[in-house]
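Visitor: Structure for this input, please:
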Amino acid sequence: MLHVCRVLSRCLWSIEKLCPAINVFFPDIIKEQNRELRGTQRAISRDRAALEKQEKQLELEIKKMAKTGNKEACKVLAKQLVQLRKQKNRTYAVSSKVTSMSTQTKVMNSQMKMAGAMSATAKTMQAVNKKMDPQKTLQTMQNFQKENMKMDMTEEMINDTLDDIFDASDEEEETQDIVNQVLDEIGIEISGKMAKAPSAARGLPSASASSAATISDEEIERQLKALGVD
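Guide: Okay, here's the model as predicted:
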């Protein structure tokens, strides 16, 4: 039991010394402490088993002395039994302390891993921040926004121009269709009137021909007005 107490004291001293200034780059220290704590726990269990065995022997001796009526021997053995049971209870207390220390080392190990991960992340972020210039990044974003607006404006202008071109083409086609229709109608009517007109002298226009020409001009204007073409 004395050996167990010494090992436990050494473990306590080591952990208390390491706690304030534990370094994330020494995980082997935690592993070593865990090994020592497990060994201490096994030693405590062996001592407790030996004490329990001795306790049973003392109980049998006390019963034996009581049957023979030896009161003095019973008193001595009873005192030994009391001391032994106190010692056994101490082993439970020490075992609880060792378990608590083992849990503490596991927590410390987890914290070390977290600290290592945070350290690596901090280095990565630091390297990224060194390479990233906030002013250049802002300028790049502003240039992108500016060029994007230019592209939108150019696209809108092109679309408007194309719309104007196609709309004008449609209007021209529609106007040409109306003109062709008017000319066709006028041509047919003029042909009919010219067929009814009397023949004129060779090479000289007659009065009736002049009258027909006058009527034809008036008829053309009338047809154009009827179709809404000025």
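
Visitor: Look at residue 46 and report its pLDDT.
Guide: Among the per-residue scores, residue 46 shows a pLDDT of 91.

Visitor: And the one 3 residues further on, by the same measure?
Guide: Listed pLDDT for residue 49 reads 92.

Visitor: Equivalent analysis for residue 181, please.
Guide: Residue 181 is assigned a predicted lDDT (pLDDT) of 75.

Visitor: What of residue 55?
Guide: Here, the pLDDT recorded for residue 55 equals 90.

Visitor: show me the contacts for it.
Guide: 81, 84-85, 88 (CB atoms under 8 Å, 6 or more residues apart in numbering). In this view, the C-beta of every residue, glycine as well, is placed from N, C-alpha and C.

Visitor: What's the ChimeraX line that selects buried ones from these?
Guide: In ChimeraX syntax, the buried subset of the contacts of residue 55 is picked out as below (16 or more other CB atoms under 10 Å):
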select :81,84,88
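
Visitor: out of the contacts of residue 55, who's nearest residue 70?
Guide: For those, the closest approach to residue 70 (CB to CB) belongs to residue 81, at 15.3 Å.

Visitor: Can you tell me the closest non-neighbouring residue to the closest one?
Guide: If the residues on either side of it in the chain are set aside, residue 81 comes closest to residue 58, at 4.6 Å by CB to CB, 6 or more residues apart in numbering.

Visitor: again, but for residue 92
Guide: Nearest residue to residue 92 in three dimensions, chain neighbours excluded: residue 48, at 7.5 Å (CB to CB, 6+ apart).

Visitor: what helix or strand is that neighbour on?
Guide: According to DSSP states H and E, residue 48 maps onto helix 27-68.

Visitor: ok, residue 75 to residue 221 distance?
Guide: 154 Å (CB to CB, to the nearest Å).

Visitor: so how far is residue 148 from residue 157?
Guide: When distances are taken as CB to CB, residue 157 and residue 148 turn out to be 15 Å apart.

Visitor: With residue 125 instead?
Guide: Remark: distance between residue 125 and residue 148 (CB to CB) = 30 Å.

Visitor: neighbours around residue 91, how many?
Guide: Burial of residue 91, expressed as a neighbour count using other CB atoms under 10 Å, amounts to 21.

Visitor: mind giving me the domain ranges of the protein?
Guide: Described in terms of automatic domain parsing, the domain architecture of the chain consists of the residue ranges 2-127, 152-198+206-226.

Visitor: Now for the chain, the helix or strand with the poorest mean pLDDT.
Guide: Within the chain, confidence by mean pLDDT, DSSP states H and E is lowest for helix 2-18 among all helices and strands, at a mean of 50.

Visitor: Start from the N-terminal end of this protein and give the helices.
Guide: Under the criterion DSSP state H, helices of the chain are mapped to 2-18, 27-68, 71-131, 134-196, 207-226.

Visitor: Low-confidence bits of the chain, can you list those?
Guide: Applying pLDDT under 70 to the chain flags residues 1-27, 166-172, 179, 183, 185-218, 220, 223-224, 226-230.

Visitor: go again using 90 as the cut-off
Guide: Under the criterion of pLDDT under 90, the regions of the chain flagged as low confidence span 1-44, 58-59, 61-78, 91, 93-230.

Visitor: State the distance from residue 174 to residue 165.
Guide: Taken as CB to CB, the spacing of residue 174 relative to residue 165 amounts to 15 Å.

Visitor: And residue 111, by the same measure?
Guide: Applying CB to CB to residue 111 and residue 165 gives a distance of 73 Å.

Visitor: cool, residue 108 as well?
Guide: When distances are taken as CB to CB, residue 108 and residue 165 turn out to be 78 Å apart.
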